[in-house]
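Give me a model of this one.
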Amino acid sequence: MLDQTTDAASTPQPKPQVTLPPPYTCISRHVVMPQATHDETAHMNFLLSLTSHLGSKVAPRMKAVYEKRVAPEFEKERGRTPTSSREVRDAMLKNPMYQSWSALRRNAQEMRQQIGRFMTFRQIEQVNAVAKSLNAGSNKLQLDPSLELPGYVTQVDNHCAPGGYVAALNDDDVSVAANYEAGHFVIAGGGTGGKSDALGRSLAAFIQAEYPNLNPKKILDVGAGGGFNTLPLAVAFPDADVIALDVAAPMLRYGHARAKAMGVNNVTFRQASGEHLPYDDNSMDLVITAMLWHETSLTGFRNMIKEIYRVLRPGGLFLNFEQPNFDETTPVFERFMRDWDSWYNAEPFWAKLHTLSYTKETASAGFEADKVFERWAPKVTEPNAFPVWAQPVGRHEAEHKMIDARKEGGDTPAPKKAGPLYFFGAVK
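Model (predicted):
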């Protein structure tokens, strides 16, 4: 498969009148990753366009459907407007346009898993063999077969992927992780870059800009999965000992092999629970997470933050990227739209997490309240990642625009937006 990223990005091209997602050929390839045939690439490009269309064009229409049809019918029947996202959901489920949009969104996710798994299993023996050869004899891959896995990974097919993050064909299998990388670009609408690492790049840039004197020597990424967002931290801080920690062995096997294939050698991939971190008190300079918390549970979330506080040294930084939570000004319709994944994308903790206060939860874990923060930050992707005419458009486009409108209108006490990414954290 030819990588067209460089040629397409360097050739001046006019911007289209419509927003187009970057093509699947912009994905960055390495020797562990499944290779796509012509037909598989065409299928991925179809899903890119479908996902982008549903997120940018169809989803915004749901607000008009609610305001002009569903809410008036609800008020006529009950004499009041809906007061909760659950009431909005129950009412919207009766509307044909919402039914169509929601079904298409769910089907797009299922198709993404189907084509990614087909691509992966078509060449699984080769993929597993390459990963095994890169992992052989390395002390930077540390697995624990005796680890008891939490229910929030064993009982959930995260993002509709059969077996979630932990399913494995054998002790060398990396299929769930290979499928994850093969299809993440599609679901993100190209928004996390060709290496699916924009969050890690953005976290690293934020740390270097806001905490230039931190100079971390010991970095821990909790819930790192395949290390997609860990590697930018390792590159940004080459003298640091970086740890990608996760409970899912297939993700760690793939992540270690991928890091080695990409020439990043200062990351240890360790299988352990974030609820029981295997590190001494005050031993870490920097602890990060990237889109971890919605994959856990209320107990797991709170236990992990307490553990992170314990292992972080005084003066160390705790930094997270996650979906922004709700506040008292968040309208019930926005709550309903942003909770879609909890109902239809195998993300059961998503809705509950939105109702929590990240700052209060962080302070409750031990951090001093005046050292807890939340910030909006710029997103950083690799240079020349896409053709000049391409614009990342993901399935959460409508939800993001609702948040943007409230921030720009000044109707919320949350921090003023300075970029599309929401970070929260604390200094110990």
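
So which bits of the top helix by length along the chain are buried?
Criterion DSSP state H: the longest helix present in the chain is helix 96-122. By 16 or more other CB atoms under 10 Å, the buried positions in helix 96-122 come out as 98, 101-102, 105, 108-109, 111-117, 119-120. C-beta coordinates here come from the backbone N, C-alpha and C atoms, glycine included.

pretty sure residue 162 contacts residue 117?
Yes. Shown here, residue 162 and residue 117 form a contact pair, counting by CB atoms under 8 Å, at 7.5 Å.

show me where pLDDT drops low in the protein?
Applying pLDDT under 70 to the chain flags residues 1-18, 406-418.

Kindly recompute the last result at 80.
1-19, 392-419 (pLDDT under 80).

Can you tell me the centre-most residue of it?
Ranked by distance to the mean C-alpha position of the chain (CA atoms, centre = their mean), the top residue is residue 291 at 4.4 Å.

Surely it is in contact with residue 341?
No. With contact defined as CB under 8 Å, residue 291 does not reach residue 341; the gap is 11.5 Å.

For my notes, confirm residue 226 occurs in a helix.
No. Read with DSSP: H, G, I helix; E, B strand; the rest coil, residue 226 is coil and lies in no helix.

wait, doesn't it sit right on residue 259?
No. Look at residue 226 against residue 259 with CB under 8 Å: they stay out of range, at 9.0 Å.

quick one, which of those two is more surrounded?
Using other CB atoms under 10 Å, the more surrounded residue of residue 226 and residue 259 is residue 226, with 31 against 28.

Leaving out chain neighbours, which residue sits closest to the more buried one?
With sequence-adjacent residues excluded and distances taken as CB to CB, 6 or more residues apart in numbering, residue 226 is closest to residue 255, at 3.8 Å.

And for residue 145?
Excluding its sequence neighbours, the residue lying closest to residue 145 (CB to CB, 6+ apart) is residue 249, at 7.7 Å.

now residue 83: how far from residue 403?
21 Å (CB to CB, to the nearest Å).

what do you get for residue 25?
Taking CB to CB as the measure, residue 25 falls 31 Å from residue 403.

residues touching the residue nearest to residue 145, list them.
Counting by CB atoms under 8 Å, 6 or more residues apart in numbering, residue 249 touches 143, 145, 166, 168, 271.

so of those, which ones are in strands?
residue 271 (DSSP state E).

Going by distance to residue 281, which of the contacts of residue 249 wins?
residue 271 (21.6 Å; CB to CB).

any idea where the strands of the protein begin and end?
Applying DSSP E to the chain gives strands spanning 141-142, 218-222, 241-246, 267-271, 284-290, 312-321, 372-377, 421-427.

Please name every helix or strand in contact with the shortest one.
Read it as strand 141-142. Using 3 or more CB pairs under 8 Å, 6 or more residues apart in numbering; DSSP states H and E, the elements in contact with strand 141-142 are helix 249-261, strand 267-271.

How far does the first one sit from its chain's centre?
It refers to helix 249-261. Put simply, helix 249-261 sits 18 Å off its chain's centre (CA atoms, centre = their mean, to the nearest Å).

how about it: buried residues?
Buried residues in helix 249-261, counted by 16+ other CB under 10 Å: 249-260.

Please apply the same query to stretch 192-210.
Going by neighbour count (16+ other CB under 10 Å), the buried part of stretch 192-210 is 192-207.

How about the contacts made by the nearest residue to residue 294 once chain neighbours are set aside?
Leaving aside its sequence neighbours, residue 294 sits nearest to residue 350 (CB to CB, 6+ apart; 4.7 Å). The neighbours of residue 350, taking CB under 8 Å, 6+ apart as the test, are 294, 323, 339, 341-342.

rerun that using 6 Å as the cut-off
By CB atoms under 6 Å, 6 or more residues apart in numbering, the residues touching residue 350 are 294, 341-342.

got it, and residue 422?
Residues in contact with residue 422 (CB under 6 Å, 6+ apart) are 324, 376.

what about it, distance to residue 290?
Distance, residue 422 to residue 290, by CB to CB: 12 Å.

do residue 152 as well
As defined by CB to CB, residue 152 lies at a distance of 17 Å from residue 290.

Can you tell me how far residue 28 is from residue 193?
8 Å.

Which residue of residue 25 and residue 403 possesses the greater neighbour count?
More crowded of residue 25 and residue 403, by other CB under 10 Å: residue 403, with 21 against 18.

Give me the spatial nearest neighbour of that one, chain neighbours excluded.
Going by CB to CB, 6+ apart, residue 403 has residue 324 as its nearest residue, at 6.3 Å.

The one you found: neighbour count?
23.

Need the phi and psi values for it.
Note on residue 324: its backbone torsions stand at phi -60, psi 140 [degrees, to the nearest 10].

So that it lines up with my notes, have the first residue be 66 from now on.
Yes, from this point I'll number from 66; that puts the last item at residue 389.

can you tell me how far it sits from residue 423?
Distance of residue 389 to residue 423, computed by CB to CB: 8 Å.

Against residue 148, how distant is residue 406?
Counting by CB to CB, the separation of residue 406 from residue 148 is 22 Å.

Repeat that for residue 238.
Counting by CB to CB, the gap from residue 238 to residue 148 is 48 Å.

Show me which of the two is the more surrounded one.
Under the criterion of other CB under 10 Å, the comparison of residue 238 against residue 148 puts residue 238 first, with 20 against 10.

quick one: contacts for that one?
So residue 238 contacts 193, 315 (CB under 6 Å, 6+ apart).

Ok, residue 98 next?
Counting by CB under 6 Å, 6+ apart, residue 98 touches residue 246.

Pretty sure residue 118 is one of the things residue 170 touches, is it not?
No. Judged on CB atoms under 6 Å, residue 170 makes no contact with residue 118 at a distance of 10.6 Å.

Apart from its neighbours in sequence, what residue is nearest residue 216?
Leaving aside its chain neighbours, residue 216 sits nearest to residue 362 (7.5 Å; criterion: CB to CB, 6+ apart).

wait, residue 88
residue 110 (5.6 Å).

and what of residue 400?
Among residues not flanking residue 400 along the chain, residue 150 sits closest, at 3.8 Å (CB to CB, 6+ apart).

With residue 172 as the reference, measure out to the residue nearest to residue 291.
Residue 320 is 29 Å from residue 172, where distance means CB to CB.

Residue 463 now?
Using CB to CB, residue 463 is found at 18 Å from residue 172.

And residue 217 and residue 355? Which one has more around it.
Taking other CB under 10 Å, residue 217 and residue 355 do not tie; residue 355 has more neighbours (27 against 19).
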